[in-house]
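Novice: Curious how this folds, go ahead:
(one chain, ligands or ions: 2)
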Amino acid sequence: MRDSAQEKAKIELRNVRKSFGNVDVIHGLDLMIEGGEFVVFVGPSGCGKSTLLRMIAGLEDVTSGDILIADRDVTDLDPSKRGIAMVFQSYALYPHMNVRQNLSFGLEMAKTSPEEIERQVQAAAQVLKIEVLLDRRPGQLSGGQRQRVAIGRAIVRKPLAFLFDEPLSNLDAELRVSMRIEIARLHRELGNTMIYVTHDQTEAMTLADRIVVLKDGRIEQVGTPREVYEDPNSLFVAGFIGSPR
Ligand code: ADP
Ligand code: MG
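Specialist: Ligands and ions are numbered 1, 2, ... in the order given. Next up is the predicted model:
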């Protein structure tokens, strides 16, 4: 759908560290994510996945190191200027606004023209197949529909990259499967760089171009799903990806 090189932003982490007080949470992490790549972060609870996403989005300062998006150093840049959209596990929709208003709110804040807002809302609604839901409020939607709206809100901002933090973990098993297929389709259609955190082995194996296995704030292994699955470089990785959890 969209193919400008600008929209397939490389994301680079250079020796990124994060401490909370005197607790080191991320230890000098280096990672290069290619433009348009779908990278999945996996690792046990508390290993630093959300902290990493939040630092890339600019919602959390780095203690040291650099973050580059589309070859630009954004380490000290305001979150709203990074061209990143983040989708969380909890949908965080405005309950008193209908879907159309939820989708357009951010654009109104950014002083986008009404015609352009309408175009963006229609385009996102079409991609996510939520056109018939535009006049409903979040309370009148299923969990899967709400998560679609949350993703729609990210899409209308035309970000360089999408960050997903366990976006499907609140959904039941059946819905998780269909939403996973939707997200794969979204990536094919939009082509943006995507970083996706999950606990779900199937999501990691089916969505990822590359999987990054994290342990205690360090990268344990990076590779294609096949490499990580067939040639884990530690028992930890084998236990994480190899066996159903
Ligand atoms: P994950 O998403 O992999 O479960 P997090 O990135 O949420 O892990 O957390 C990594 C570590 O950092 C955990 O030990 C967590 O308790 C700690 N942590 C996260 N945010 C804060 C914070 N704002 N203040 C103090 N410690 C934090
Ligand atoms: Mg987390």
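Novice: Up against ligand 1, what does this protein have?
Specialist: For the chain, the residues in contact with ligand 1 (Cβ under 6 Å from any ligand atom) are 20, 25, 43, 45-51. To be clear about C-beta, it is placed using only N, CA and C from the backbone, and glycine gets the same treatment.
Novice: Determine which two of those residues are furthest apart.
Specialist: Spanning the widest gap among those are 20 and 43, at 17.5 Å by Cβ to Cβ.
Novice: does residue 150 really touch residue 87, like I thought?
Specialist: Yes - contact criterion Cβ atoms under 8 Å: residue 150 and residue 87 qualify, at 5.5 Å.
Novice: overlap in contacts of the two?
Specialist: residue 167 (Cβ atoms under 8 Å, 6 or more residues apart in numbering).
Novice: which SSE is residue 67 in?
Specialist: strand 64-69 (DSSP states H and E).
Novice: Within its sheet, name the partner strands of that strand and how each one runs.
Specialist: Partners of strand 64-69 in the sheet, by DSSP bridges, are strand 11-20 (antiparallel), strand 72-73 (antiparallel).
Novice: Columns mean pLDDT on top of those, output as CSV?
Specialist: Below are those laid out as CSV (pLDDT from 0 to 100):
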stretch, mean pLDDT
strand 11-20, 98
strand 72-73, 96
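Novice: Please identify the most buried of those.
Specialist: Highest mean neighbour count among the strands paired with strand 64-69 (mean count of other Cβ atoms under 10 Å): strand 11-20, with a mean of 18.
Novice: buried residues in the helix or strand following that strand?
Specialist: Next helix or strand after strand 11-20 toward the C-terminus (DSSP H and E): strand 23-33. For strand 23-33, the neighbour count (16 or more other Cβ atoms under 10 Å) marks 25-26, 29, 31, 33 as buried.
Novice: Looking at these, which one is closest to ligand 1?
Specialist: residue 25 (4.0 Å; Cβ to the nearest ligand atom).
Novice: Quick check: that closest one touching residue 52?
Specialist: No - judged on Cβ under 8 Å, residue 25 makes no contact with residue 52 at a distance of 9.2 Å.
Novice: residue ranges with poor pLDDT in this protein?
Specialist: Residue ranges of the chain with pLDDT under 70: 1-7, 243-245.
Novice: ok, which stretches of it are helices?
Specialist: Using DSSP state H, the helices of the chain run over residues 49-57, 99-109, 114-128, 143-155, 173-190, 201-207, 225-230, 235-237.
Novice: For the shortest one, which residues meet the burial criterion?
Specialist: When neighbours are counted by 16+ other Cβ under 10 Å, the buried residues of helix 235-237 are found to be residue 237.
Novice: can you list the residues that contact it?
Specialist: With Cβ under 8 Å, 6+ apart as the test, helix 235-237 has contacts from 213, 215, 220-221, 228.
Novice: Taking those residues together, which two end up most distant?
Specialist: Taking Cβ to Cβ, no two of the contacts of helix 235-237 sit farther apart than 215 and 228, at 13.1 Å.
Novice: Can you give me the neighbour number for residue 212?
Specialist: Residues near residue 212, counting by other Cβ atoms under 10 Å, number 24.
Novice: Please tell me I have it right and it contacts residue 40.
Specialist: Yes - using Cβ under 8 Å, residue 212 makes contact with residue 40 at a distance of 7.0 Å.
Novice: Can you say which of the helices of the chain is nearest to residue 166?
Specialist: helix 49-57 (8.2 Å).
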